[in-house]
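Asks: structure for the following, please:
(2 chains)
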Protein chains: 2
Amino acid sequence: MKTDNDLLLRTIKGEHTERPPVWLMRQAGRILPEYRALRQEAGTFKRLVETPALACEATLQPVDALGVDAAILFSDILVVPEAMGLPYEMQEKTGPWFPKVVADASDIEKLRPAELAADELQYVYDAIALIQRQLDGRVPLIGFCGAPWTIFAYMVEGKGSKTFSTAKGMLYRAPELAHRLLEHITATSIAYLKNQVSAGVQVVQLFDSWAGLLSPQQYREFSVPYLQQIAEAIQEVPKTIFAKGAWFALEDFGTLSFETVGLDWTIDPAWAKQQLGTQKILQGNLDPCQLYATPETVYQAAQQMVTSFGRGHIANLGHGVYPDTPLENVRAFVSGIKASSYAGF
Amino acid sequence: MKTDNDLLLRTIKGEHTERPPVWLMRQAGRILPEYRALRQEAGTFKRLVETPALACEATLQPVDALGVDAAILFSDILVVPEAMGLPYEMQEKTGPWFPKVVADASDIEKLRPAELAADELQYVYDAIALIQRQLDGRVPLIGFCGAPWTIFAYMVEGKGSKTFSTAKGMLYRAPELAHRLLEHITATSIAYLKNQVSAGVQVVQLFDSWAGLLSPQQYREFSVPYLQQIAEAIQEVPKTIFAKGAWFALEDFGTLSFETVGLDWTIDPAWAKQQLGTQKILQGNLDPCQLYATPETVYQAAQQMVTSFGRGHIANLGHGVYPDTPLENVRAFVSGIKASSYAGF
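Replies: Just a heads-up that it's a prediction; the model follows:
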């Protein structure tokens, strides 16, 4: 697959590039007026996710509108639990909601086997193929899925939560049951990512959105081994782990088979490098709230970030861009990075 | 003020005690059936907070029912913004909501001056006096307030939030305005805590519930200096800082005038001691979700925690006890600690 702008891929390979590549988590979304129009046209969020032509359009919008160095598939991490047998509803005000959850062993037995579950997501693979045709090699396409612990959290809790105390409770109450479900999610995620790769994604990212809710010991027992199973299974493309709030896991991440580690805004890049110990590419990590300031301030902050990370860095935010971020500030962030240079390094 | 069980006070002074004292954040609350009855009798949460006889009863319930080594005033951190001029409503499903918020300089000018704001909270001081009469020296009474950044977050955001992006946005957009509001909150908190001490509290705790949302640099600029102002102003009683998610601030906390540092469940006690550098009493930090397991497991986990902290420790959870925690497991936590001993240390 030829890629005209292969800055992202060269950076991940450890090549000396002229500047860091830049993209934003949740760049395909409400910050763009054309996304809001598309979302309205689609009627529901799920229709947007499940219709390849619409998901393709949402994916390409930021590439055209912002000039970012990568496209990321427009989708949702919750398509995996749905494919496994727990459909979700996306409620406008309160977020995701699952009418059925996993509470005991019999609920796990009712779930679809991994390969069959992955087969349910043909609409995603169709979207990827369509995106690649329309991208026509302009920038690389990133695929993704949720990390097993985060998907587990939704499947047990049944909705978003500040504490995910029901899901965490299962780890303490029934650790063997929890491991069984995590294994099932892991197998499904591997099959799903392999299909994404076959369909055309060139990098994959795992989102462990609720990593920070676990204690370090729990994270080491209930998340890290499953992350590594996925990283080892996906040899075809480079892999990124973004585990929000998991400052305590960086030392572990240094030993895993991910090429890139995403950082949230609480993590200092020098400290991260020291914790990781090994040579990893870092991704992140400007505070999304920095983008509420003026375009001038955002531009400067973006350039300061480039300096503080040094080489081996993919410029991004430390979390998904917030939907009410002024578009001119998103542009200032991208311009700040694109105007930066490693010439002086 | 004589206190029969002064284990908490002796521990904070650094004396060699027989075991750690134990209490639970949010022990006066929904875990107790007698609290749920009282809450229903009161009609609204605010009536419970604002009626000294009812707040007194809620405060004493866990002392009687659980045999903890400290009472903590039943109240809410949001009484401070209300006293400053921003009334709050407590909505059953969605939590706190402020009809008025601080958006600009004129909103700050309209707030009540610190001393006058503190005077608005006579019902709290009346509750404290009543509690001390009824406690009759059984255990020490802990007072509290929110840390300035956390109170700021509510006053600007106007409600609970996963990101508090409006409040954080102000730190980037209008840092001088933010500092002005933080100074005002700090002055009010000092006046409020001094009145609490005059009324009879023997220890005070600051809750920086939204500490973990800030970057380390922001925390150092917008939270730490105000925490220290409060710690320096309150010389009469020992002070505890509990800043949830602020793993990155422990090194700073080592330099502040708080005797005790509360830890959430993500923090390893040995690591905390190393970060703090100086001799601080530590408080915490069992994962509240551990209390969803069996009583036997909870009992063991409580005892393991005592061992892992060693001396200079106040046993507690790493967050407020969750309302759906089985009461027998709360009891197992308290018994596990009370049966522990430093004899072998």
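
Asks: how about the strands in the stretch 101-250 of chain A?
Replies: Remark: strands assigned in the stretch 101-250 of chain A by DSSP state E, counting those that start in this stretch are A:141-146, A:203-208, A:239-243.

Asks: so, low pLDDT: which residues of the stretch 1-150 of chain A?
Replies: Low-confidence segments of the stretch 1-150 of chain A (pLDDT under 70): none present.

Asks: would you map the helices across it?
Replies: Per DSSP state H, counting those that start in this stretch, the stretch 1-150 of chain A carries helices over the ranges A:7-12, A:33-42, A:45-50, A:52-66, A:79-84, A:105-109, A:114-119, A:122-135, A:148-157.

Asks: contact residues of the stretch 51-200 of chain A facing chain B?
Replies: Selection of the stretch 51-200 of chain A residues close to chain B by CB under 8 Å from any CB of the partner chain yields A:K162, A:T163, A:S165, A:K168, A:G169, A:L171, A:Y172, A:R173. (C-beta placed from N, C-alpha, C; glycine too.)

Asks: neighbour-wise, which of those leads?
Replies: Most neighbours among these, by other CB atoms under 10 Å in any protein chain shown: A:K168, with 30 neighbours.

Asks: need the helices of the stretch 1-150 of chain A in JSON lines (columns: mean neighbour count).
Replies: Listed next are these as JSON lines, based on neighbours: other CB atoms under 10 Å in any protein chain shown:
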{"stretch": "helix A:7-12", "mean neighbour count": "22"}
{"stretch": "helix A:33-42", "mean neighbour count": "14"}
{"stretch": "helix A:45-50", "mean neighbour count": "18"}
{"stretch": "helix A:52-66", "mean neighbour count": "21"}
{"stretch": "helix A:79-84", "mean neighbour count": "23"}
{"stretch": "helix A:105-109", "mean neighbour count": "13"}
{"stretch": "helix A:114-119", "mean neighbour count": "18"}
{"stretch": "helix A:122-135", "mean neighbour count": "19"}
{"stretch": "helix A:148-157", "mean neighbour count": "27"}
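
Asks: ok so, going back, tell me the most buried of the strands of the stretch 101-250 of chain A?
Replies: Across the strands of the stretch 101-250 of chain A, the average number of neighbours (mean count of other CB atoms under 10 Å in any protein chain shown) peaks for strand A:239-243, which reaches a mean of 26.

Asks: avg pLDDT for it?
Replies: Taken as a whole, strand A:239-243 has a mean pLDDT of 98.

Asks: now it against helix A:148-157, angle please.
Replies: Counting by axes from the mean of the first three to the mean of the last three CA atoms, to 10 degrees, strand A:239-243 lies at 50 degrees to helix A:148-157.

Asks: right, and chain B sits closest to which residue of the stretch 201-345 of chain A?
Replies: Here the stretch 201-345 of chain A gets closest to chain B at one residue, A:Y292, 3.4 Å apart by CB to the nearest CB.

Asks: ok, that residue - how many residues close by?
Replies: A count of nearby residues for A:Y292, using other CB under 10 Å, gives 23.

Asks: how about A:V22?
Replies: Counted with other CB under 10 Å, residues neighbouring A:V22 total 26.

Asks: show me what the spatially most central residue of chain A is bridged to.
Replies: Centroid-nearest residue in chain A: A:F207, 4.3 Å away (criterion: CA atoms, centre = their mean). Counting by DSSP bridges, A:F207 forms beta bridges with A:G146, A:F242.
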